[in-house]
Structure formats: C-alpha cells, structure tokens
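S.K.: when you get a sec, could you give me coordinates for this:
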Amino acid sequence: MKYLDEYRDPALARHLLDELRNTATRPWRIMEVCGGQTHTLVRQGIDELLPAGVRMIHGPGCPVCVTPLETLDRAMAVAARPGVIFTSFGDMLRVPGSDTDLLSLRALGADVRVVYTPMDAVRIAQERPDREVVFLAVGFETTAPANAMAVLHADRLGLTNFSMLVSHVLVPPAMTALLDDPDCEVQAFLAAGHVCAVMGWREYEPIAERYRVPIVITGFEPLDLLEGILMAVDQLEQGRFEVENQYVRAVRRSGNTEAQDAVRMVFRVTDRAWRGIGALPDSGLELAESYRQFDAALRFDVSGLCPTEDPECIAGAILTGARLPTDCTAYGTRCTPRHPLGAPMVSAEGTCAAFHAAGRTKEVSPS
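M.R.: Purely as a prediction, here's the structure:
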C-alpha cells in the first residue's frame, strides 16, 4: 500500500539498526509516550532488536488506560439510568470500572452504543429528542478538537438532550511529572506524532531545555520509530537536548491552529486524575463555563462515588514505565484480554495488551 509499505521496508530497517549500533556508545533509556507506538515496537520486536544498552521505556500513552476509575464509574452510573442513550468509542466498552464495564451493562439492558465520531452522538440526540444522549469524551489532545466541534455543533442546533462526560488529558504535564520523579530513568522521549499534528511542538521546547532531555516527534510505523530512536540516541551521544521532528510528513511546529482554537473555545485546562498515577495539576481539560450545560457530570450529579482498584493490578507502575506487564503476578493468567483486571490489558493501545498479543511471557527462573 503506497505511503505505508515504504515505512515497513526490512532493508531500510536493518540499515537504521546498523546505524544505531554504530552510534550508541553507552546505555540510553528512551520513553515512547504513545500506546500506538508501543504496539508497533512490541509487535515488530523492535525493542528487542535495539543495540545492547538502548532500552525503551513504555510510557502513559494510552488514553483509555489513563482514564481515571472515577470517570469510568460515573460512566456506568449514567449509562444505567432509564432514558439515557450512552455513546462511546468501542475501545472503552470493556474497560473495567470498580464493579462492571459498559459492555456488561449493555448486556443487562442499558442502551450503550458504539459511535465512530462524537458527531454521531449529536445526530442521535437530534433523532431522539425524548432521550438523554451522553458521549464519553476521553483521550489526549488528539481527540479534543473533534469533541469540541461536537459541542459547538450541538450548541448551534440548540440541543438540550446532549451532554458529554469529559476526561481529556494532556501530554506535556505527564512528561514533566515523570521527569520530576527522583526515580525517573528516562533520558529522552519519542513524542506522539498525532498529538503534535494538532498541538505542534512549541510546548515541548521548554521541557527539553529545562530537563535537558531530547524530544523527537515520531510517527507510528517501524521505520518512523527506528529513525526517531536513532535521532534521540544521536542527540544523547552529542550532548544535545532539542525538539526534533521525524514525522515531517504530518507535523509542523505550529500544529493545527484551527483545531487549537476550537479546543480553547470549548475547554479549559484543569487538574486531572490519571488512572494508576494520581492527580496531576493542569493535566486535563474540562468544559468551559459557557458550555457547562453540556457537562454530563453536572447534569446527572454522579459525584460521591468511591472507586476501588483491583489490588493485584499494577497498572500505575506499568503506565509510568517503572514495571513491565510481565512483572505482574496476574499477567496472562488472571488478567487476559478476555478477562482484564485493568485497562492496559484491554485497550488497543495498552502495554499489557501489546505484550500479550506479541506472545511475551514471564521469564521463568531456573530451578
């Protein structure tokens, strides 16, 4: 397929690996902060082909995985109410809350529907004025513009039966929180190309300068990632700490200014809890005051919930790169894609799901 096969060329991949081996003279630890990149790295075995000492740390780049448990429990509480049509992207339906998931609620009779864009939810609200239609709005900066446009469209239509349960998170505050951790081992980042296609990379420049870490904006195909890793290693070897753009075919420094304007109009920055990580200041988006009439959390008054994580799940340590999925005692046994204990095993971008799909198993100590 044109414009795809070119970035999966095995001969070019071997050439980039050879360049990496010739460039790296010492151990380096690089974090990718996108779950899609994690899946490519693991599925293609790239993380195992890197030169000795160059290690990838899998970061909190799965928007489904970092959606706080409280938001999921609120979603279940709203979806279970009579007269509600609850809409969501399909990857959220099997993510476990404290007691259940959206798919199980649907099996019990709740009107839970998979949509492919937030505009689908707006259309349903138009068609069913007798029902409350709620959309679960999660994700990084990538999905925020489309959700903002859906709110603007619903406002123009004068819809009073449409609302969103919002749990957007922002990448740069998560990066700084990781770097502020005294136990942080990350020496460079691969930044998510689709986030930067929206936001550009200006907000990454102070991070690179302050923490002296290279940040390379990278695509999602094998050659994208190998070139991005090579660019990061080259900076580390030279003692440079800059923001570089590998993903030149899709990203520019200013990003998509029209999308940014829509996000700034509809949302405002707020503190946000990240599942397994905790509360991070100024790390999320919520509806701005002028659009609070579309806030499902206010409309349905689902405060006061007491979420409870499964005590065996180590999602937090996995999301911050401190542990690998194979370190979890439940991995592949009590926690599988069919019966997940935590979001990283069920999400299409989760690290646990990536390891499981690639057949990664726990190391067995010799007896």
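S.K.: what are the ranges of the strands in this structure?
M.R.: Remark: strands assigned in the chain by DSSP state E are 28-32, 54-58, 84-88, 111-114, 132-139, 162-169, 188-192, 215-218, 243-245, 267-274, 278-287.
S.K.: which strands and helices sit next to the fourth one?
M.R.: Taking 3 or more Cβ pairs under 8 Å, 6 or more residues apart in numbering; DSSP states H and E as the contact definition, the neighbouring helices and strands of strand 111-114 are strand 84-88, helix 102-107. (Glycine included, C-beta is placed from N, CA and C.)
S.K.: cool, the third one as well?
M.R.: Counting by 3+ Cβ pairs under 8 Å, 6+ apart, the packing neighbours recorded for strand 84-88 are helix 69-79, strand 111-114, helix 118-127, strand 132-139.
S.K.: and the residue lying closest to residue 250 once chain neighbours are set aside, how many residues sit next to it?
M.R.: Computed as Cβ to Cβ, 6 or more residues apart in numbering, the closest residue to residue 250 that is not its neighbour in sequence is residue 197, at 5.1 Å. Neighbour count of residue 197, defined by other Cβ atoms under 10 Å: 19.
S.K.: how close does residue 82 get to residue 231?
M.R.: Using Cβ to Cβ, to the nearest Å, residue 82 is found at 55 Å from residue 231.
S.K.: same drill for these two, tell me which one is more crowded.
M.R.: residue 231 (21 against 9).
S.K.: so what's that one up against?
M.R.: Counting by Cβ atoms under 8 Å, 6 or more residues apart in numbering, residue 231 touches 214, 216, 244, 246.
S.K.: who wins for most neighbours among the residues you listed?
M.R.: Tallying neighbours with other Cβ under 10 Å puts residue 216 at the head of those, with 29 neighbours.
S.K.: beta partners for that one?
M.R.: In this entry, residue 216 is beta-bridged to residue 190, residue 244, by DSSP bridges.
S.K.: pretty sure it is touching residue 246, no?
M.R.: Yes. Residue 216 lies in contact with residue 246 (Cβ atoms under 8 Å); the separation is 5.6 Å.
S.K.: ok so, going back, how about the helices and strands packed on strand 111-114 in CSV, adding mean pLDDT?
M.R.: Output for the helices and strands packed on strand 111-114, formatted as CSV (pLDDT from 0 to 100):
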stretch, mean pLDDT
strand 84-88, 98
helix 102-107, 96
